[in-house]
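In: sequence and predicted structure are below.
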Amino acid sequence: MRPAAPAPNAAPRVLHVAAEVFPLVKTGGLADVVAALPVAQVEQGADVRLLLPGYPAVIESVQGARQVIDIGACFGALRVRLLLGRMPGSALPVYVVDAPYLYRRRGGPYQAPDGEEWPDNLQRFALLGWVAAHLAADDADPAWVPEIVHAHDWHAAMACAFVAEHLPTGAASVFTVHNLAFQGLFPMHDWPLLGLASRLMSPAGLEYHGQLSFMKAGLKFADRITTVSPNYAQEIPTHEFGCGLDGVIRGRGAAVSGILNGIDDAVWNPATDPAIAQRYDAGRLAGKAACKRALQAELGLSPDPGALLMVVVSRLTAQKGMDLLLAALPELLPQGVQLAVQGTGDPALEAAFRMAEQAHPGRVQVHVGYDEARAHRLVAGADVIAVPSRFEPCGLTQLYGLRYGTLPLVRRVGGLADTVTDADEAALAQGRATGFAFDAASPRALLQAAARALALWRDPPTWQAMMRRGMGQPLSWRQPAQQYLALYHEALRAKAG
Ligand code: ADP
Ligand code: GLC
């Protein structure tokens, strides 16, 4: 029997569908969001579950997993089962699509160890969406039927098309765009694998310039679309930021809105962080100075408290504006800046940062790699965190910086513009400034913002007031979780027509 629809103010049953979740599988901020948002929604009284692909790390970590249904053969896999367990160390229920042929491999969630996309990503992520739709249609787990299918990024987007076009269900779908640049494009000749009506094999459906686009499945068929910051929702209907899909997005009109990400303040909290040299908070900033000393020693940077220690914790890609920072470096360093970079990505950028490290021993330190605990030490020990992105749907590291009294230096785009208040004269006078922002995607603009940072660095009372202001900024998931719950009701009303 299908559970009754929720009363208008009751929190609905929500299924989050995603390809990664911290700490099991993470390539970026998506994993952080998928870990923290459901928990915050549960705290608001919602009935929330996750649906994940059964990668080895998921199968090994999910606790108390039991089979819900044996789905049999589909999407090229001989055996697909749906399991239900709990996230490690939490009561959050998580469904796992156990399809060994598709998911149990060495390598990343999207790419093989050699960096190539998995050749069967269409099957791997169509299956994820298809299972979500079956849960919503009440033919996978009769004990729990979601009323909202909340799909994250292109990997989960097919859930929206299957819910709308394939399986009759009362569930509404919400699609969150974390990054429009990654779209899930596949050859059109793979269309028959999806089992969708052929009328959708057109630009009005999933076709994108002769290819099949999973991102379009979310943008076209979700009842509501969100982006991870209000500003990004304003940007993506434009040619500059729309990644070729701006027309589709404009077509969805008021169904598109932005809800700013929060941060997991249990994981990112300088007062309790087990990874850092000394804990601190806005009232006890001495601990931060200890973290800086420890970080300079760890990284082999000269132990100079007067140097402005700037860090980057990021994918090293063009999106993140890393080339701007590299180009600005020769002018930044003589002004008393130290730079510590941690990231992986474009081999050319990795090599360029390594060369900068060799050229400037004691002033530049580069770690090509991924390391969570080290990221905490960098954020805690630094004076400034640089995020000079060309585009940034939300960005989490500037939020970590704010929380840790590490002033963000950002380009004024996407969520960076929503979260950092530039220390211009007016903001300083009104006591609103929390960081430094620049407009043009150029080394010159970055340098000008850095020059303003350096000027304030020589004015400790003003600098510390900015640190304390950022540390006091509400960044938790509580408010975004409420906003999503309100949006779910809107989506259900839209679906009910
Ligand atoms: P994106 O998702 O576009 O990469 P975000 O700022 O939203 O950018 O999220 C990036 C997340 O990945 C943050 O939690 C950040 O700390 C983490 N991260 C990125 N690179 C590294 C790295 N090399 N080591 C540790 N954490 C990293
Ligand atoms: C994407 C975006 C990033 C955002 C993250 C989490 O990876 O690039 O800006 O913070 O998703 O929503």
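Out: Okay, I see it. Numbering: from 1, shown residues only. Ligands and ions are numbered 1, 2, ... in the order given.
In: C-alpha from now on. contacts and neighbour counts both.
Out: Fine.
In: wait, a strand at Pro305?
Out: No. Pro305 is assigned coil when assessed by DSSP: H, G, I helix; E, B strand; the rest coil, not a strand.
In: how about Arg250, what does it touch?
Out: By C-alpha atoms under 8 Å, 6 or more residues apart in numbering, the contact list for Arg250 reads Pro237.
In: quick one: it from ligand 2, how far?
Out: Counting by C-alpha to the nearest ligand atom, to the nearest Å, the gap from Arg250 to ligand 2 is 20 Å.
In: and that residue, helix, strand or coil?
Out: helix.
In: and Leu78, by the same measure?
Out: strand.
In: and it, how many neighbours?
Out: The tally of other residues near Leu78 (other C-alpha atoms under 10 Å) stands at 13.
In: hang on, it packs against Asp98?
Out: No. Leu78 is beyond contact range of Asp98, at 11.1 Å (criterion: C-alpha atoms under 8 Å).
In: give me the residues contacting the top helix by length along the chain.
Out: Determined from DSSP state H, the single longest helix within the chain is helix 478-496. Residues outside helix 478-496 that contact it (C-alpha under 8 Å, 6+ apart): 8, 11-12, 37-38, 40-41, 44, 147-148, 170-174, 223-224, 259-262.
In: which among these end up buried?
Out: 11-12, 37-38, 40-41, 147-148, 170-174, 223-224, 259-262 (16 or more other C-alpha atoms under 10 Å).
In: write out the residues of the stretch 251-400 of the chain neighbouring ligand 1.
Out: Contact residues, the stretch 251-400 of the chain versus ligand 1 (C-alpha under 6 Å from any ligand atom): 313-315, 342-344, 369-372, 375, 395-397.
In: check the closest residue to Gln335 other than its chain neighbours and give its pLDDT.
Out: Of all residues beyond its chain neighbours, the one nearest Gln335 is Leu454 (8.0 Å), with distances taken as C-alpha to C-alpha, 6 or more residues apart in numbering. Per-residue confidence (pLDDT) for Leu454: 98.
In: which of the three states applies to Leu454?
Out: The three-state label given to Leu454 by three-state DSSP is helix.
In: just give me the neighbour total for it.
Out: For Leu454, the neighbour count with other C-alpha under 10 Å is 17.
In: how about the residues of the stretch 251-400 of the chain next to ligand 1 in a markdown table, adding pLDDT?
Out: Shown next, in a markdown table, are those (pLDDT from 0 to 100):
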| residue | pLDDT |
| --- | --- |
| Val313 | 98 |
| Ser314 | 98 |
| Arg315 | 97 |
| Gln342 | 98 |
| Gly343 | 98 |
| Thr344 | 96 |
| Gly369 | 96 |
| Tyr370 | 95 |
| Asp371 | 96 |
| Glu372 | 96 |
| Ala375 | 98 |
| Gly395 | 98 |
| Leu396 | 98 |
| Thr397 | 98 |
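In: how about the residues of the stretch 1-150 of the chain by ligand 2?
Out: Proximity of the stretch 1-150 of the chain to ligand 2 (C-alpha under 6 Å from any ligand atom) is limited to residues Gly28, Gly29, Leu30, Val33.
In: narrow the residues you listed to those in helices?
Out: Those of those lying in helices (DSSP H): Gly29, Leu30, Val33.
In: I'd like to know which of these is nearest to Ser389.
Out: Minimum distance to Ser389 across these is 14.4 Å, recorded for Gly29 (C-alpha to C-alpha).
In: related to what we said a few turns ago, inside strands: which ones of the residues of the stretch 251-400 of the chain next to ligand 1?
Out: Using DSSP state E, the members of these that fall within strands are Val313, Ser314, Arg315, Gln342, Gly343, Thr344.
In: so what's the fourth one up against?
Out: What it means is Gln342. Counting by C-alpha under 8 Å, 6+ apart, Gln342 touches Val311, Val312, Val313, Ser314, Val366, His367, Val368, Gly369, Tyr370, Ala375.
In: how about the secondary structure of the first one?
Out: So the one you mean is Val311. Recorded secondary structure, Val311: strand (three-state DSSP).
In: any idea what it is bridged to?
Out: Per DSSP bridges, the residues bridged to Val311 are Ala340, Ile385.
In: contact partners for it?
Out: Shown in contact with Val311 (C-alpha under 8 Å, 6+ apart): Leu339, Ala340, Val341, Gln342, Leu378, Val379, Ala382, Val384, Ile385, Ala386.
In: can you select the buried ones among those for me in PyMOL?
Out: Restricted to buried positions by 16+ other C-alpha under 10 Å, the PyMOL selection for the contacts of Val311 reads:
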select buried, resi 339+340+341+342+378+379+382+384+385+386
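In: just the ones in strands from the buried ones among the contacts of helix 478-496, please.
Out: By the criterion of DSSP E, membership of these in strands covers Ile148, Ala172, Ser173, Val174, Arg224.
In: and for Ala351, the neighbour number?
Out: 12.
In: and it, backbone torsions?
Out: Dihedral angles of Ala351 (phi, psi; degrees, to the nearest 10) stand at phi -60, psi -40.
In: quick one: contacts of stretch 343-360?
Out: For stretch 343-360, using C-alpha under 8 Å, 6+ apart, the contacting residues are 312-317, 322-323, 326, 341, 363-370.
In: give me the buried subset of those residues.
Out: Buried members of the contacts of stretch 343-360, scored by 16+ other C-alpha under 10 Å, are 312-317, 322-323, 341, 363-368.
In: test my guess that Arg13 contacts Val42.
Out: No. With contact defined as C-alpha under 8 Å, Arg13 does not count as touching Val42 (10.1 Å).
In: which one's more surrounded, those two?
Out: Neighbour totals were compared for Arg13 and Val42, and Arg13 leads with 20 against 17 (other C-alpha under 10 Å).
In: quick one: contacts for the more buried one?
Out: Contacts of Arg13 by C-alpha under 8 Å, 6+ apart are Ala46, Asp47, Val48, Val145, Pro146, Glu147, Ile148.
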